[in-house]
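J.: Pasting the sequence and the predicted coordinates here, then a few questions.
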Amino acid sequence: MPDVRPSFSLTIGSLETSGDHPRAAPALLAVERDLDVPADALRVRLGERADVALDDAVRLSLGYDGDEQAVFTGVVVSLQPGIAGAEVWALGGLHALLDVHAGATYQLQSAGAIARDLFSRADVTPGTVDTGPLLPSFAVDGRASAHTHLQALAERLGFALYADSRGKGMFHALGGAASLDGLGAVGALAAGAGGGVGGVGFTYGRDVLALSVRDAPAPWAAVKVGGESPMSGQGDHTGSWLTVDDGDYRGSAGSGEPSLLVIDPAARTKDLADRFAAGRLAGANARAREARLSVGGRPALELGDSITISGHPDPRANGTGYLRGLRHRFGPDTGFLTDLRVTLP
């Protein structure tokens, strides 16, 4: 970007430093956020130890000429002092969910209501939380973290579970999964924007510094889901009469081979088994084609934002998808760069 100067503002506990007032001489800022990783990460290299301590609150904003946007919110989890200065590691996102081990049984609760309750137990403020289908019965137990249980539910539905740059918990459909609960085309487009800048386009040869595309078959052509003695094929509000043969009530999505068979105790109805199968298949398809690109620093980007790549001579490298992972790099050696991982349809 011509005629602009990258800038930052960083707060770690009582330490406040910025490009205009670089206390503690920060030499490197690196933020990594990804839908497939529960905790966002920030690495800071300080020229001076300052008074940074474990569990200090951390906030980082990046931008240009003082016009900055929040890109990370979290706490210090590791300090590595050296001969000069120290390296600071902080975790954000949904790291608090990893420390919550609770037991609960939910009866006739929506997937969104379950997510909100688990966010509450971890003191995570909810952001975008889709309602999702009604679950006749769903249980969590203390042998696994709240994040493990909620991530398993998200995978059943094809949802994304992550936190935005301000630490709000997000639990909603992206891409092809957005149409599974009746959102339709308009809802699917809206669900592709995770709350940042929405739709963003990058043109090869103009905006893109590096680009690679991985195009591979989806791992599953079809998914079948069987429940643990599903109640009936009459919907989510039926009684708990058990069936002798659950073959008639097995859910499915897609066709052909290879196929995946999942036995899921939470799939207590034919409708829910079908929904879980469709969600798992949508999640598998989302990882089949992926672009990785580097661009000039874009602090406003959020996970889930709609991304369009155009202008590449190979049409397989072009398309519109959503942002699945990002990394901001800020320092004297790199300037301000953003690396993107984009799921393409």
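T.: Arrived safely, thanks for sending.

J.: Any stretches of the stretch 201-345 of the chain with poor pLDDT?
T.: 228-248 (pLDDT under 70).

J.: which residue ranges form the strands in it?
T.: 208-215, 222-227, 251-254, 259-264, 289-296, 306-310, 319-331, 335-343 (DSSP state E, counting those that start in this stretch).

J.: can you list contacts of the helix or strand containing residue 44?
T.: Secondary structure from DSSP states H and E places residue 44 in strand 41-46. Residues from elsewhere that reach strand 41-46, judged by CB atoms under 8 Å, 6 or more residues apart in numbering: 10, 12, 24-33, 52, 58, 60, 72, 74, 85-92, 331. C-beta: built from backbone N, CA, C; applies to glycine.

J.: That one: what's the following helix or strand?
T.: Strand 41-46 is succeeded, C-terminally, by strand 57-64 (DSSP H and E).

J.: on contacts alone, who are the packing partners of that following strand?
T.: For strand 57-64, the helices and strands in contact under the criterion 3 or more CB pairs under 8 Å, 6 or more residues apart in numbering; DSSP states H and E are strand 6-12, strand 26-34, strand 67-81.

J.: okay, now residue 300: neighbour count?
T.: Residues within reach of residue 300, counting by other CB atoms under 10 Å, total 18.

J.: Tell me the spacing between it and residue 306.
T.: Going from residue 300 to residue 306 by CB to CB, to the nearest Å gives 13 Å.

J.: Equivalent analysis for residue 175, please.
T.: Residue 175 sits 9 Å away from residue 306, going by CB to CB.

J.: Next: residue 34.
T.: Residue 34 is 17 Å from residue 306, where distance means CB to CB.

J.: So which of these two has more stuff around it?
T.: A side-by-side neighbour count of residue 34 and residue 306, using other CB under 10 Å, places residue 306 first with 23 against 18.

J.: the longest helix in the protein is where?
T.: With secondary structure taken from DSSP state H, the chain has its longest helix at helix 270-285.

J.: what residues does it touch?
T.: Identification of contacts with helix 270-285 by CB under 8 Å, 6+ apart yields 133, 135-136, 155-159, 175-177, 180, 218-220, 222-227, 230, 232-233, 235-236, 248-254, 260, 262, 264, 266-267.

J.: middle-most residue in this protein, spatially?
T.: residue 35 (2.7 Å; CA atoms, centre = their mean).

J.: That one against residue 324, yeah?
T.: Yes: assessed by CB atoms under 8 Å, residue 35 is found in contact with residue 324 at 5.0 Å.

J.: if I look at the two, which residues touch both of them?
T.: By CB under 8 Å, 6+ apart, the residues touching both residue 35 and residue 324 are residue 303.

J.: What separation is there between residue 260 and residue 162?
T.: According to CB to CB, residue 260 stands 24 Å off from residue 162.

J.: Output the helices and strands packed on strand 57-64 as TSV; include the columns distance to residue 167.
T.: Shown next, in TSV, are those (distance: least, CB to CB, whole Å):
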stretch	distance to residue 167
strand 6-12	14
strand 26-34	11
strand 67-81	4
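
J.: Would you check that residue 39 makes contact with residue 89?
T.: No: under the criterion of CB under 8 Å, residue 39 is not in contact with residue 89, lying 10.7 Å apart.

J.: In terms of neighbours, single out the busier of those two.
T.: Neighbour count, other CB under 10 Å: between residue 39 and residue 89, residue 39 has more, with 21 against 15.

J.: contacting residues around the residue nearest to that one when sequence neighbours are not counted?
T.: Excluding the flanking residues, the one nearest residue 39 by CB to CB, 6 or more residues apart in numbering is residue 95, at 3.9 Å. Taking CB under 8 Å, 6+ apart, we find residue 95 in contact with 38-40, 74-75, 77.
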